[in-house]
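Novice: next input, structure requested:
(2 chains)
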Amino acid sequence: MKKYGRKIFFIVAPLAVAIVGIQGYRFSVAHVEYYNAGQPHSLGCVSCHVYPQRDGVLAEFLNEDYLSPLNITVSPDGTLLFVTAQDGNALLIVDPDQGKVVSKIDVGEFPHSVVLSKDSKTAYVSNQWSYNISAIELASSTVVDTLVAGIGPAGMAIDDDNHLYVANTYSSDISVIDLETGKEIRRLAAGNRPMSVALSPMDRQAYVSSRRTLPIPYRTEPKTELTILDGKSKKIIDRRYFSSAHIMENVAVTPQGDLAITTLIRPKNLVPSVQIEQGWMINHGIGIIETRENGRVAQFLLDEPNSFYSDPFDVVIAPDGNTAYVSHSGADIISVIDVNKIRELLADAVESDLDIYANHLGLSSTFVIRRLPTGPNPKGLALSPDGKKLFVAERLADRLAIFDTETFEPLDPIDLGGPSRTTVVRKGAQLFSNAAHTFHNQYSCYTCHPDGHEDGLIYDLTGTGRDLANVQTLRDLPGTSPFKWNGKNVSVYMQCGMRFSKFVTRTESFSPENLDAVVAYIMRDLTHPPNPYQNGSGKLTPAQQRGKLLYERTVANDGSPIPERDRCLTCHPPPNFTNRLVADVGTGLETDRYRIFDSPNLNNVYESAPYLHDGRAATLEEIWTEFNDNDEHGIVNDMTKSQLNDLIEYIKCLGPAETYTLK
Amino acid sequence: MRNMRRYALAGLVLLVAGSLFFSGSKDGPVGPLIFTQIPAGIGSDDWIFPRNARIVSADLKNSGESFHVLTEEFWSARAPQISFDGSKMIFSGRQSENSTWQIWQMDLRNREVHQVTRDTFNCTDPAYLPDGRVVFSRAFEDPVSGWGYALYTCNLDGTSLRRITFQPHTDHAPVVMQDGRILAVSRQNFPEPNKPRIMAMRPDGTKAELYYRTDPGVIMNSRGYELEDGRFIFLERTEKNIESLVAISKNRPLNSRQVLSVNAGQNKFYSAYPVSEDRLIVSMSSVESESYGLYYFDLIGNKVGSEIFSNAEYHFLEPVIVEGRQRPRILPTRVDESFNTGKLLCLDAGLTGLGQSLDIHSIRVLSTDRLLGEIIPENDGSFYVEVESDVPIRFQAIDRDGEVLQNPSSWVWVRPNENGGCIGCHENRELAPQNKVPDAIRRGPVYLEEKLLALEKTTDE
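Specialist: So this is what the prediction gives:
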């Protein structure tokens, strides 16, 4: 019997292995096809199950801690460079002559900018995700103070009166801090998501650029503010608006003080996307404010008819005021601009000419005198005090590029000491930030998803006036599939695959390897900043507590039971506040092919205005006060005004942390 | 230690190999040169369909007489193009005096030839597409507009033959750009001959647009090519028989024309092919010679360099180098052949090249033989029409008195399910659109046949 048993074992066991193997293979093929919409793709389990992992031993092994230099400041004598390392949470002090980092000082989370005190003894670093500013004593390389400004401090400037101006991105205001006392003396309302501050000569004015459009009537041109403060009174003296423009990341003022120049993007979100050719989707350029009385606002494109220079980030102006440099973080290019040519164009232009200039793709060839190629993702720029060297933060190479501004030749770059290995996720970050995967480099993933979030605009991607799409955030996506407003994409692979190239990038789709990398980056690295509506005490505020009860309620104010489908909690349950199903909540229009929509996750939803699939609701409140007449999007019409306010207070504090356990 | 030695040895081998490779490439391109040889007695007007032409290969390093005829079995052959991996050649050939010109492919490793197209009409000027298909120029006859040449695509076995241009033009000399689009020379034949232009389009025939326009009287016959420095080179011949080598910037093709052969005196140029960053091989006829020979052309000084081959009995034309090169992008298609219409959106019919706005009452849509319909643009000047796909149409602006405001536009077409767009009529083609929702898109497209029926009904009543 034992003899037969062994024989049977040797027959059955291989058979069983073969059957399991074949079935397993079939399953894996079907599994991959399902999540990848049947697109050609190498069968790699690691693509979905390893690369995107955020935690664990494998994640630790596969990933690296990069530095990601973002902004640069040069010491007045030009002997030192100060560089914020966005992913390294550090300030790097670099000796350009030695070509190396001489000091690395840990600061807060996601440091954005660095400025020096007038005596150059202290550096101030804005920690955009720690919501504070580190004051660093340079003699000892130690953080000696932490200043509190608004939420999301980004760009900064210090005037001769020793006041620090801070653009607070997430609270959309400007802090003026007296550095003698370390106290905030003013908090001024800025545009939507202010990003940078520049002082004019003699500190007469401070210019603050902003990233997002102000609230505008539905389906009208974006309008983004450049806020101007009086240098003496520290009060706002003017608000200038750039029509059909946004993402004004940085601003600079000429040494002559005649022009303020900001980088900007000109989206064509209102134009049906019937084509990408001829700049029909997104253009990139600079905005100009003539600082004289009754000075005009103008825009010039840095693009060309068949070549686009996406995601302009920083702008610096030479000490003589004749040349400006703009970094194109999505094109790996620095544009060198003849500012005098811009002055000539402005001098000869009447208002109608300026309207044409703002859309003229051929004009850049008259004032862009050079295009300097750089490494991946050039962000912050700085000039040496004599203007003879241009320093470029190559964010996704952990390197500083240097150019000789007389010959425009590259000099030896400075390695900042980041990891030498390019991981899959890092490669994904490079692809995400680079427009080379769009027809004629017109835009990168980052263009519509700055910092992995969304740009607050609504696009007509079908080009038919139908199925308008409100751009959604890409932050904290794990556990929130399906994707796309109609919920038809079961994975990010499907979202970024073939159809994406047909409708969005309109060029060759990502190779399987590149798709792996982009997806890994999106799923692993893109996270929300801390939710400022969570007050840090670990407890909900009284209004949030009341709102939570309303969010979970099963009975209406009149005592009638609320059907399960009409409760907030049914479609938006924790941990990500989505049940990952589609539902008809009465928001579909005749122009929508699909009337049922994916229940979006509500993580940090406070920062994702406008709302609904087509961005019709300008605020969270409008979802229910304007577009829920029949209580199809949850029963809320019985609520009092204060109850609705409480509900919204609670929804605003929902975040990827363990919000739901907060009491 | 052993590994160290291995790495050192490997590094040394790489260093030597690299230096040999680069020192070799300085002297000229590696690998044979292929070109078309046409008897000298045949004039340039007959070089598209010449008799007794043949494709030959030669070694650039040897002096002239080591030619190998690659198309001995053909009565005539020309227009060679090399595949992206450098292993194959596609060309147009005619097997006998009684046959038509067809597209053929030769495996350069064993010289095996197979026929790609089997058509009753002439097919010529083939070019490889990055997805493994081929684009070429094929004759067509239309009962209204007469004869012309259109671009077609097909697989390398001749299947999936598709026409991709539909205007009453002669479309020829296609070349595939690195961005994945096709550039082709296009000259209107109907209703009256017009000057040639270079058109850009996607390989499915969508998004066709003007890329470069010539001066009146200019003739363009041979293909252009991309240079690594961002320029596109091609040849022009004026009415006075001046043949020039011209470059334009790919980034700004409509406003960057530069004549490269300005220092070349009375020399005539027919075709050019880039062999390195700073050098071309050109097909050129010097003042003393009546035949075209092959010469180097230095792009740095824009000067004619040394002669490669010339022969008084033959023209040497259409040079190409046998080498692999970067495959262009494969562009996705939204053509859906289950549709028989496409849509066109004009953002502002009144917008002209000068930025002025015309007071337009209506837009007539014309086909080659009839009025398809008349559209009243919206208040913002926009209109959105759905028209039969793959049919040439033109637009004509009419004012309130019924007067024609502008001559008909150039011929355009839409592919099945294509959604095409323009900013205005005769607009400045370097303008990006204004960011606004066109009124016409809110209403949806006007289907022209219905509109025409409605107009006819109104007229009858």
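Novice: residues touching B:His68, list them.
Specialist: B:His68 sits next to B:56-58 when contact means CB atoms under 8 Å, 6 or more residues apart in numbering or on different chains. For the C-beta atoms, the positions are set from N, CA and C on the backbone; glycine is no exception.
Novice: A:Ile317 too?
Specialist: Neighbours of A:Ile317 in contact, by CB under 8 Å, 6+ apart: A:252-255, A:261, A:323-325, A:339.
Novice: excluding covalently adjacent residues, which one is nearest to the spatially most central residue of chain B?
Specialist: Note on chain B: the residue nearest the mean C-alpha position is B:Ala184, at 1.6 Å, using CA atoms, centre = their mean. Closest residue to B:Ala184 apart from its sequence neighbours, by CB to CB, 6 or more residues apart in numbering or on different chains: B:Pro174 at 4.2 Å.
Novice: so that neighbour sits against B:Thr153, correct?
Specialist: No - in this structure, B:Pro174 is not within contact of B:Thr153 by CB atoms under 8 Å, at 9.6 Å.
Novice: the two: which is more packed in?
Specialist: Shown here are B:Pro174 and B:Thr153; by other CB atoms under 10 Å in any protein chain shown, B:Pro174 has more neighbours (28 against 21).
Novice: near chain B at all, the helix or strand of chain A with the lowest mean pLDDT?
Specialist: Of all helical and strand segments in chain A, the minimum by mean pLDDT, DSSP states H and E falls on helix A:498-500, at a mean of 80. Yes - contact between helix A:498-500 and chain B, assessed by CB under 8 Å from any CB of the partner chain, occurs at A:Met498.
Novice: quick check: buried residues in the helix or strand just after that helix?
Specialist: Downstream of helix A:498-500, the next assigned helix or strand under DSSP states H and E is helix A:512-525. For helix A:512-525, a neighbour-count test (16 or more other CB atoms under 10 Å in any protein chain shown) marks A:512, A:514-525 as buried.
Novice: what's in contact with helix A:512-525?
Specialist: Against helix A:512-525 from outside (CB under 8 Å, 6+ apart): A:40-42, A:44, A:47-48, A:51-54, A:59, A:63, A:424-429, A:431-432, A:437, A:445, A:452, A:474, A:477-478, A:491-493, A:496-497, A:509-510.
Novice: kindly export it (C-alpha atoms) in PDB.
Specialist: Extracted in PDB, the C-alpha atoms of helix A:512-525 (Å, rounded to 0.1, in the frame of the first residue of the first chain):
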ATOM      1  CA  PRO A 512       4.700  49.400 -19.500                       C
ATOM      2  CA  GLU A 513       7.800  50.200 -17.500                       C
ATOM      3  CA  ASN A 514       7.000  53.900 -17.400                       C
ATOM      4  CA  LEU A 515       3.400  53.200 -16.500                       C
ATOM      5  CA  ASP A 516       4.600  51.100 -13.600                       C
ATOM      6  CA  ALA A 517       6.700  54.000 -12.400                       C
ATOM      7  CA  VAL A 518       4.100  56.700 -12.700                       C
ATOM      8  CA  VAL A 519       1.500  54.600 -11.000                       C
ATOM      9  CA  ALA A 520       3.900  53.700  -8.200                       C
ATOM     10  CA  TYR A 521       4.700  57.400  -7.700                       C
ATOM     11  CA  ILE A 522       1.100  58.400  -7.600                       C
ATOM     12  CA  MET A 523       0.000  55.600  -5.200                       C
ATOM     13  CA  ARG A 524       3.000  55.800  -2.900                       C
ATOM     14  CA  ASP A 525       4.300  59.400  -2.800                       C
END
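Novice: and the contacts of the next helix or strand after it?
Specialist: Per DSSP H and E, helix A:512-525 leads on to helix A:542-552 as the next helix or strand towards the C-terminus. By CB under 8 Å, 6+ apart, the residues outside helix A:542-552 that reach it are A:533, A:540, A:567-569, A:639, A:643, A:645-651, A:653, A:662-663.
Novice: check stretch A:475-493 too.
Specialist: By CB under 8 Å, 6+ apart, the list of residues contacting stretch A:475-493 reads A:34-37, A:39, A:41, A:47-48, A:52, A:54, A:452-453, A:469-470, A:472, A:494-495, A:515, A:519, A:522-523, A:526-528, A:575-576, A:578, A:580-582, A:594, A:596-598, A:601, A:603-604, A:613, A:656.
Novice: got it, and stretch B:379-387?
Specialist: Contacts of stretch B:379-387 (CB under 8 Å, 6+ apart): B:341-351, B:357, B:360, B:363, B:365, B:372-373, B:375-377, B:393, B:414, B:424, B:436, B:438-441, B:443-448.
Novice: local confidence estimate at B:Ala264?
Specialist: pLDDT recorded at B:Ala264 is 82.
Novice: check contacts around whichever residue of the stretch 1-150 of chain A sits closest to chain B.
Specialist: Residue nearest to chain B within the stretch 1-150 of chain A (CB to the nearest CB): A:Gln39, separated by 11.8 Å. With contact set as CB under 8 Å, 6+ apart, A:Gln39 has these partners: A:493-494, A:497-498, A:509.
Novice: how does it look with 10 Å?
Specialist: A:32-33, A:493-494, A:497-499, A:509, A:512, A:515 (CB atoms under 10 Å, 6 or more residues apart in numbering or on different chains).
Novice: state the helix or strand in which B:Glu73 lies.
Specialist: Under the criterion of DSSP H and E, B:Glu73 resides outside all helices and strands.
Novice: isn't it up against B:Glu112?
Specialist: No - using CB atoms under 10 Å, B:Glu73 is not in contact with B:Glu112; the gap is 11.4 Å.
Novice: burial count for residue 285?
Specialist: Just so you know, I chose chain A. Other residues close to A:Gly285 by other CB under 10 Å number 27.
Novice: that's the wrong chain, I meant chain B
Specialist: 21.
Novice: distance of A:Trp142 relative to B:Glu313?
Specialist: Trp isn't right for residue A:142; it's Thr. Separation of A:Thr142 from B:Glu313 (CB to CB, to the nearest Å): 86 Å.
Novice: between those two, which one's more packed in?
Specialist: Set side by side, A:Thr142 and B:Glu313 show more neighbours around A:Thr142, with 12 against 9, by other CB under 10 Å.
Novice: how about the nearest residue to the more buried one, chain neighbours excluded?
Specialist: A:Ile136 is the one closest to A:Thr142 (CB to CB, 6+ apart), at 6.8 Å.
Novice: OK, contacts around that neighbour?
Specialist: A:82, A:91, A:93, A:103, A:105, A:107, A:114, A:116, A:121-125, A:142-145.
Novice: show me the beta-bridge partners of it.
Specialist: A:Ala123, A:Val143 (DSSP bridges).
Novice: how much space between it and A:Tyr165?
Specialist: From A:Ile136 to A:Tyr165 the distance is 18 Å (CB to CB).
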